[in-house]
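S.K.: the following comprises the amino acid sequence and a computationally predicted model.
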Amino acid sequence: MEINEKLKKGKKVAMNCTLVTVVLTLIKGIVGFISGSVALIADSFHSFSDIFIIFATWIGLKISQKKPNEKFPYGYYKIETFTSLIVSLFIIGVGVEIFRKSITSFTSLYEMKIGYIALGVTILSAIVSYFISIYEIKVGKEIKSSALLMNGYESKMDVFTSIAVFVGVLSSYLGIRYIEGVVGIFISALLIKYGLKGFYESILILMDACPDVKLERKIKDIILRNDNIKNVKSIKLRKSGLVIFGEATIIVKGLINVERAHEISDNIESKIKKEIPELNEIIIHIEPEVKEEFIIAVPIKSKIGKNISNNFSRSPYFAFISIKKKKISGIKIIENPYVNKKIKVGLSIGNFLAEKSDVVITKNIGEISFHVLRDNFVEIYKTDSEELKKAVDDFISGKLKKLNKETKEVE
């Protein structure tokens, strides 16, 4: 089900429940005043607060349907969570009010009128509240609406409240005064408990806490099904109303070009969205594998391999130094096969080195060579040293600076 369809369905449920609750509240209020039942009057005020709560949920779901814009690029989904926070506070407030009424009921005296009608209304209230709670909880779970679920749990408590009112009305009708207060205190405790739980969950969502650890594990399992993935570095999820946004940083095996990285990223994103429909958006960041063994290419002036060349693409030789656990494990000198090439030498030498090395250390580098190497995930570092060994030692010790753009060398 699409997010807009979910919001429309939730809004419809909230409106239907509001209308039913309005009718029920009027009945309880009228019968309560006529009968003189303190419990029934208190319950009518309780139901009146329910109207506000359900209506607030309807408003929240309606606003959530607004499309993202420049000011709210992630949409208005969090208004549903904010509504859930308000609902939670109301539930706590109602619980406290019922507790207060329950305490005062121990000493209150009144003459019961139309007792049978009052008892019938409490039974009707319990039945209606039960079906409303089932309706709200079912749809709330279906569309994953925290506000609608909170309403459902509060309506479920209304069933017990109505039973408590029935017991209170019956006991008062029979001349037993204290039972109403005892049951009311129990119901108020349940309401406060549910309200605090909803408040806590809403605060976590508004603070972008991880919505579901199991969901993180599921996303990680989907990502690791891809043979090109070495590991999942991190997964971050945050809930916004009914939807969840996420991002993951993954480590790929070996070196891949930009086009292949986009292909892998798009493939993983589509699989995650297909298997986890409640995930509205997932952004995949790809990082190359950090190797303990790699090869450094350095332009050098002669086959002896001691001094670094000032030119890059037209350097007569290249030294290929094998590094293992931050130590030099071997060195190989290869003549530049493109040193005398007249055109596109930068492109040729870039592709040549991309196949044979993971890192390049140079004094200068032209635009074409630079971009070819970068597109193939070869890291490029600048050195001012004349000596090959010193440049490599500086790289291993982290003294060299990575180049983010080409130098002035002409290719």
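M.R.: Arrived safely, thanks for sending.
S.K.: where in the stretch 1-150 of the chain is pLDDT low?
M.R.: Scanning the stretch 1-150 of the chain with the threshold set as pLDDT under 70 gives 1-4, 7, 36-42, 45-46, 48-58, 60-61, 64-65, 105-115, 146-147, 150.
S.K.: going along the chain, name the strands of it.
M.R.: Counting by DSSP state E, counting those that start in this stretch, the stretch 1-150 of the chain forms no strands at all.
S.K.: now do the closest residue to Lys382 other than its chain neighbours against Val182, distance only.
M.R.: Nearest non-adjacent residue to Lys382, counting by Cβ to Cβ, 6 or more residues apart in numbering: Leu403, 5.2 Å away. Where C-beta positions appear, they are placed from N, C-alpha and C, glycine not excepted. Distance, Leu403 to Val182, by Cβ to Cβ, to the nearest Å: 78 Å.
S.K.: so which residues of the stretch 51-200 of the chain form helices?
M.R.: For the stretch 51-200 of the chain, the helices defined by DSSP state H, counting those that start in this stretch occupy 78-104, 115-143, 146-173, 178-206.
S.K.: which strands and helices lie in contact with the shortest one?
M.R.: Where contact means 3 or more Cβ pairs under 8 Å, 6 or more residues apart in numbering; DSSP states H and E, helix 78-104 is packed against helix 38-64, helix 146-173, helix 178-206, strand 229-240.
S.K.: and the residue in the chain sticking out farthest from the centre, which of the three is it?
M.R.: What lies farthest from the middle of the chain is Ile304; by Cα atoms, centre = their mean that is 57.3 Å. In terms of secondary structure, Ile304 is coil; the call rests on DSSP: H, G, I helix; E, B strand; the rest coil.
S.K.: quick check: it vs Pro316, distance?
M.R.: Ile304 is 11 Å from Pro316, by Cβ to Cβ.
S.K.: contact partners for Phe186?
M.R.: Listed by Cβ atoms under 8 Å, 6 or more residues apart in numbering, the contact set of Phe186 reads Ala164.
S.K.: ok, the one 10 residues further on next?
M.R.: Contacts of Leu196 were listed using Cβ under 8 Å, 6+ apart, and they are 88, 92.
S.K.: would you mind measuring from it to Gly152?
M.R.: For Leu196 relative to Gly152 (Cβ to Cβ), the value is 17 Å.
S.K.: swap in Lys6?
M.R.: Counting by Cβ to Cβ - Lys6 and Gly152 are separated by 15 Å.
S.K.: can I have stretch 248-268 written out in CSV, keeping just the CAs?
M.R.: In CSV, the C-alpha atoms belonging to stretch 248-268 read as follows (Å, rounded to 0.1, in the frame of the first residue of the first chain):
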residue,chain,number,x,y,z
ALA,A,248,23.8,2.6,4.6
THR,A,249,27.6,2.8,4.0
ILE,A,250,29.0,-0.4,2.4
ILE,A,251,32.5,-1.6,1.6
VAL,A,252,32.9,-3.1,-1.9
LYS,A,253,35.5,-5.8,-2.8
GLY,A,254,38.4,-4.5,-4.7
LEU,A,255,38.3,-1.5,-6.9
ILE,A,256,35.3,-0.5,-9.1
ASN,A,257,34.6,2.4,-11.4
VAL,A,258,31.9,5.1,-10.8
GLU,A,259,29.5,3.5,-13.3
ARG,A,260,29.8,0.1,-11.6
ALA,A,261,29.4,1.7,-8.1
HIS,A,262,26.1,3.3,-9.2
GLU,A,263,24.9,0.0,-10.7
ILE,A,264,25.6,-1.8,-7.4
SER,A,265,24.0,1.0,-5.3
ASP,A,266,20.8,1.1,-7.5
ASN,A,267,20.5,-2.7,-7.4
ILE,A,268,20.7,-2.9,-3.6
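S.K.: I figured Glu387 hits Lys301, correct?
M.R.: No: contact status for Glu387 versus Lys301: not in contact, 11.1 Å apart, counting by Cβ atoms under 8 Å.
S.K.: which neighbours do these two have in common?
M.R.: 307-308.
S.K.: between these two, who's got more neighbours?
M.R.: Lys301 (17 against 13; other Cβ atoms under 10 Å).
S.K.: pretty sure that one is touching Ile308, no?
M.R.: Yes: if you go by Cβ under 8 Å, Lys301 and Ile308 touch, sitting 7.3 Å apart.
S.K.: residues shared between the contacts of these two?
M.R.: Contacts common to Lys301 and Ile308, judged by Cβ under 8 Å, 6+ apart, are absent.
S.K.: could you list the domains of this structure?
M.R.: 3-206, 213-288, 293-402 (automatic domain parsing).
S.K.: which one of the ones you listed is the most hemmed in?
M.R.: Comparing these by mean neighbour count (mean count of other Cβ atoms under 10 Å), domain 3-206 ranks first with a mean of 19.
S.K.: what about that one, distance to the chain center?
M.R.: Taking Cα atoms, centre = their mean, to the nearest Å, one finds domain 3-206 lying 29 Å from the centre of the chain it belongs to.
S.K.: relative to helix 146-173, how tilted is the longest helix anywhere in the chain?
M.R.: Ranked by residue count under DSSP state H, the longest helix found in the chain is helix 3-35. Orientation check (axes from the mean of the first three to the mean of the last three Cα atoms, to 10 degrees): helix 3-35 against helix 146-173 gives 20 degrees.
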